[in-house]
Every structure is written in C-alpha cells, then in structure tokens.
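Peer 1: any chance you can model this:
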Amino acid sequence: MQIPSLAVIKKELSYLDKSELTNLILELSKFSRDNKGFLFFKLVERDQPELFAEMVKEELDLAFMDANLKNYHLAKRAAQSIRRKLNKSLKLNKNKEVQVELILHFCRQMKQYGFLGLRHPVIDNLYKGQLGKIEKLIEKLHEDLQYDFRVQLEKLMH
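Peer 2: The predicted structure follows:
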C-alpha cells in the first residue's frame, strides 16, 4: 500500500465533521506514546507554554539521576539514551527558544553529573554536538535572546 501525500490527507480530513475528527485524533493518540505526548502538549501549550519545558527538564533530571556512571561503557549508553529522550522532546516543540533552553539544560546536567570527567570520546563528541546544535539554534533567535543564550553557552564551553 502506498501512503498518500499530506495534501491528500488534508483534503480527506476536510470532509470529516467535528465528532469524526475528534474520534480519529483519539484513535491516532492510542497508537504511540509520542502521538499522545504531542497531542497533549499541543492542547496544553496554549494555556501554559512553559509547562512543556518544565516537564521535559524533570524527565531529563530523573534520567540523569538514574544514570549509571560506574564505567565508561555504561556512562556512554546512559548519555546516549538521555540524548534520545531529549531529541524526541525537541520534535514535539518547534519553538527555537525552548529548544535552546532544553539543550542547554541537558549540557549543564552532563557537566554536573560528571559525564565529561570520564574523558570518553563518544561522550565528549555527544556533548560537543549538542553545543553545536545550540549555536545553530541561537543564530535563528532575536538579538536579545542571542546574547543571553550565548553567555550561557560560553559557560558550558569552558
């Protein structure tokens, strides 16, 4: 079966009434946790835009607390796992300011929990990659925000 384009799907959705559309969205949210999370944040972000960032930070904090740093291999796997959680969350929110804030938080936590002290090349490259992401995102923000985030980025680079 060939999957139709977004234009075809959009056209078909326009033919549905409100109750059919609601049922379809609820069915879609049952397929995966990501769909349910995306739907929740889209519904709530109008009233509480800061809620998304706070919830993601809490989730990342818990993951860092549970991370096993007993040896290089386990620390590397934990860092990669936490980064995957971060990337999933970044896909849910297209606000560049929130994305920079979340990646900065991730990098701060990596430093705080001692991942960088292990001097593992994979962990170091992961960290540097996130710093690179921050730099690219900062360029797309307003000048005032750029300055604020650049100050935080400089602290993380040293």
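Peer 1: okay, CA-based contacts and neighbour counts for the rest of this
Peer 2: Fine.
Peer 1: how about the helices in the protein?
Peer 2: Counting by DSSP state H, one finds helices in the chain at the ranges 6-14, 18-31, 33-44, 49-66, 72-92, 96-112, 121-138, 143-157.
Peer 1: list the buried residues for the second one?
Peer 2: Read that as helix 18-31. Ser29 (16 or more other C-alpha atoms under 10 Å).
Peer 1: please apply the same query to the fifth one.
Peer 2: If you call a residue buried by 16+ other C-alpha under 10 Å, then helix 72-92 has these buried ones: Tyr72, Ala75, Lys76, Arg77, Ala78, Ala79, Ile82, Arg83, Leu86, Ser89, Leu90, Leu92.
Peer 1: kindly report the same for the last one.
Peer 2: With burial defined by 16+ other C-alpha under 10 Å, the residues of helix 143-157 counted as buried are Gln146, Phe149, Leu153.
Peer 1: for the worst-scoring helix or strand of the chain on mean pLDDT, output the C-alpha coordinates as CSV.
Peer 2: Every helix and strand of the chain was ranked by mean pLDDT, DSSP states H and E. The lowest is helix 33-44, at a mean of 84. C-alpha atoms of helix 33-44 as CSV (Å, rounded to 0.1, in the frame of the first residue of the first chain):
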residue,chain,number,x,y,z
ARG,A,33,3.2,7.4,23.3
ASP,A,34,4.8,10.0,21.1
ASN,A,35,1.4,10.8,19.4
LYS,A,36,-0.2,11.1,22.8
GLY,A,37,2.5,13.3,24.1
PHE,A,38,2.4,15.5,21.0
LEU,A,39,-1.4,15.9,21.3
PHE,A,40,-1.2,16.7,25.0
PHE,A,41,1.4,19.4,24.6
LYS,A,42,-0.4,21.0,21.6
LEU,A,43,-3.6,21.2,23.6
VAL,A,44,-2.0,22.5,26.8
